[in-house]
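> requesting a structural model of the entry that follows:
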Amino acid sequence: MRKLALVVLVSASLAVALVSCGDDDGTGVGGTGSIEVTLNMTGSDLDPDGCTVSVDGLVERAIDAGGSVTFADLEAGSHSVELGDVAVNCRVSGSNPRTLSVGAGLTTHTVFPVSCRAALFDRIAFERSRDGNGEIYVMDADGSNPVNLTNNPANDLQPAWSPDCTRIAFANYRGDNFEIYVMDADGSNPVNLTNSPAGDINPAWSPDGTRIAFWSTRDGN
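Numbers count the residues shown, from 1 in each chain. Reported below is the predicted structural model:
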């Protein structure tokens, strides 16, 4: 009988010890912590208004390019953090939204890298033919400040702005037929997108800017 009583006493003590370890394991159950968000915006035509940051879709705060904001008194555990109001010519690198873990009495840090491309908002792209050579130009909405973007002996026609105003698709005759090209808004970095003996013309962007439709004579029509 004495041995049995001793076993029960030891088991009870072990149970108390286990409860105490669970309360002090650092998970911070029932506590609060913080999340610090930094916006690292690089590139051209940075949005002067910055962006917004929301936590769990409920708390929203403004954040400037290169700035940081801290969300305090968040319940320990997992939280969803999302960067919003990103300019159309900018892209967020990495996951957005992202899930972060917050510990009691601790601050979780995260950085949202955002890259921006040069954009020509409120500018008109058009083709102009002088001496039989077509070129792609841009100008202000009132017709002032025309700038030749292509400036080469080949024919460059049918410009089409990307939805974020950072690129221009166009038809170019630099070989034996027309091909679809795309270039940056300032005329730099021209890239040949099609390479076919058929003629490819009339480019048109999808609303999300990820695809370009065009007309082609590849089927013989």
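> mind checking the SS state of the one residue sitting closest to the centre of the chain?
Taking C-alpha atoms, centre = their mean, the centroid of the chain lies closest to Arg91, which sits 2.2 Å from it. When classified by DSSP: H, G, I helix; E, B strand; the rest coil, Arg91 comes out as strand.
> what's opposite it in the beta bridge?
Beta bridges link Arg91 to Ser115, judged by DSSP bridges.
> now do the one 10 residues further on
Partner residues in beta bridges with Ser101: Ser78, with DSSP bridges as the criterion.
> let the chain start at 792 from now.
With 792 as the first residue, the last one maps to Ser892.
> that one is in contact with Gly868, isn't it?
Yes - Ser892 is in contact with Gly868 according to C-beta atoms under 8 Å; the separation is 7.2 Å. C-beta coordinates here come from the backbone N, C-alpha and C atoms, glycine included.
> common neighbours of the two, please.
Residues touching both Ser892 and Gly868 (C-beta atoms under 8 Å, 6 or more residues apart in numbering): there are none.
> circling back to that earlier point, was I right about the residue nearest to the centre of the chain contacting Val905?
Yes - the pair Arg882 and Val905 qualifies as a contact (C-beta under 8 Å) at a distance of 6.9 Å.
> what about the longest strand in this protein?
When the chain is parsed with DSSP state E, its longest strand is strand 823-834.
> output that one in CSV with nothing but the alpha carbons.
This file holds the C-alpha atoms of strand 823-834, laid out as CSV (Å, rounded to 0.1, in the frame of the first residue of the first chain):
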residue,chain,number,x,y,z
THR,A,823,0.4,40.2,-27.6
GLY,A,824,3.2,41.1,-30.0
SER,A,825,4.0,43.4,-32.9
ILE,A,826,4.6,43.4,-36.7
GLU,A,827,7.0,45.9,-38.3
VAL,A,828,6.5,46.3,-42.1
THR,A,829,9.1,48.0,-44.3
LEU,A,830,8.4,49.1,-47.9
ASN,A,831,11.5,48.9,-50.1
MET,A,832,10.4,50.6,-53.4
THR,A,833,13.0,50.9,-56.2
GLY,A,834,13.1,51.7,-59.9
